[in-house]
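Q: Sequence and computational prediction follow.
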Amino acid sequence: MDFTGKVALITGGGGGIGRATALGFALRGAKVMVVDADADAGRATADIVVQQGGACGFTQADVTQSASVKDYVKATLDAYGRIDCFFNNAGIEGSVTPTQDYDEAMFDKVIAVNLKGVFLGMRNVIPVMLAQGGGAIVNTASVAGLFGGPGMSAYVASKHGVIGLTKVASADVAGQGIRVNAVCPGPVETRMMRSLESMRNPNDPEAVHKAYAASAPSGRYTLPEEVAGVVLYLCSDLAGNVTGTQIVVDGGRSGSGGAAPTRR
């Protein structure tokens, strides 16, 4: 997987999966633009990549706002001239609350970031890829986009939507040199899962961690680098005719009948 001469754009690049993917691209020759709403986290990722010898910039953006999305696309083009790989990864977990009690404002926020943000990203990046003659997009969905789970109506709905958007977009551009796929992680060793564990059991979040890990045949959470590896594959020439699909990364949990609630 050689990305020399290519440019990778990553939203949610300040988080665990985004950071691991930025490093993965950069260490394989790509120039990387990291996007995140959290300026400190995004700049930290860019600094780490540069310290490792890679080329990486950062731009702060709100993925729910069309003008802000246009700005991060423009910043990438101004810096590097093209976008070959787009990891459409920004997302939030929301709250863990029964559907009948779920806060409407929180629901709107989760849908805006996780679903509208993915749509706006593709809406603005696909024209760039069409103009340059091709590219690869990977949207971050989740095993929550394949199954349900108690207390996470907004998150689960948003990730089902991401998989739907992925299939539609892939069909729209498959004949024009652009591939669109999704990655569906289960629980990953990141901040988001720490947050969800605490919401599930504030008194003993470690018990939630152990239970989730034990429910996977692999007996553990996925590492951010393992999700990054799938993203890199889907963006590489090795996946040259892979489009409109999703790859699950959850240690066999969903395949054995258990639905993991989230990732990142």
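A: Arrived safely. Numbers count the residues shown, from 1 in each chain.
Q: chain center to stretch 14-32: distance?
A: 12 Å (Cα atoms, centre = their mean, to the nearest Å).
Q: List the buried residues in that stretch.
A: For stretch 14-32, a neighbour-count test (16 or more other Cβ atoms under 10 Å) marks 14-26, 28, 30-32 as buried. Where you see a C-beta, it was placed from the backbone N, CA and C, and this is true even at glycine.
Q: Just the strands from the stretch 1-150 of the chain, written as ranges.
A: 7-11, 31-36, 55-60, 85-88, 135-140 (DSSP state E, counting those that start in this stretch).
Q: Just the CA trace of the shortest one, in CSV.
A: Translated: strand 85-88. Written as CSV, here are the backbone C-alpha positions of strand 85-88 (Å, rounded to 0.1, in the frame of the first residue of the first chain):
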residue,chain,number,x,y,z
CYS,A,85,-8.3,9.6,-0.3
PHE,A,86,-11.1,10.9,1.9
PHE,A,87,-11.6,9.3,5.3
ASN,A,88,-15.0,10.7,6.3
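Q: so where is this structure shaky, pLDDT-wise?
A: For the chain, the stretches with pLDDT under 70 are 256-264.
Q: so where's the longest strand in it?
A: In terms of residue count, the longest strand belonging to the chain (DSSP state E) is strand 178-185.
Q: quick check: angle from that one to strand 135-140?
A: 20 degrees (axes from the mean of the first three to the mean of the last three Cα atoms, to 10 degrees).
Q: how about the strands of the stretch 1-150 of the chain in JSON lines, adding distance to G251?
A: Below are those laid out as JSON lines (distance: least, Cβ to Cβ, whole Å):
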{"stretch": "strand 7-11", "distance to G251": "24"}
{"stretch": "strand 31-36", "distance to G251": "27"}
{"stretch": "strand 55-60", "distance to G251": "30"}
{"stretch": "strand 85-88", "distance to G251": "21"}
{"stretch": "strand 135-140", "distance to G251": "17"}
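Q: Could you say which one of the ones you listed comes nearest to Q100?
A: strand 135-140 (28.2 Å; Cβ to Cβ).
Q: ok, now how distant is the most centrally placed residue in the chain from G252?
A: For the chain, the residue sitting closest to the mean C-alpha position, by Cα atoms, centre = their mean, is N89 at 2.4 Å. Using Cβ to Cβ, to the nearest Å, one gets 23 Å for the distance from N89 to G252.
Q: Show me where the stretch 51-200 of the chain has its helices.
A: In the stretch 51-200 of the chain, the helices defined using DSSP state H, counting those that start in this stretch lie at 66-80, 104-111, 117-132, 153-173, 191-200.
Q: Can you list the neighbours in contact with the second one?
A: The one in question is helix 104-111. With contact meaning Cβ atoms under 8 Å, 6 or more residues apart in numbering, helix 104-111 is reached by 92-95, 97, 153-155, 157-158, 161.
Q: same check, this time on the third one
A: By Cβ under 8 Å, 6+ apart, the surrounding residues in contact with helix 117-132 are 9, 11, 63-66, 69-70, 73, 77, 82-84, 86, 88, 90-91, 135, 137, 139-140, 162, 165, 169, 172-173, 176-178, 180.
Q: just how off-centre is that helix within its chain?
A: That offset, for helix 117-132, works out to 15 Å (Cα atoms, centre = their mean).
Q: May I see the buried residues of that helix?
A: By 16+ other Cβ under 10 Å, the buried positions in helix 117-132 come out as 117-122, 124-126, 128-129.
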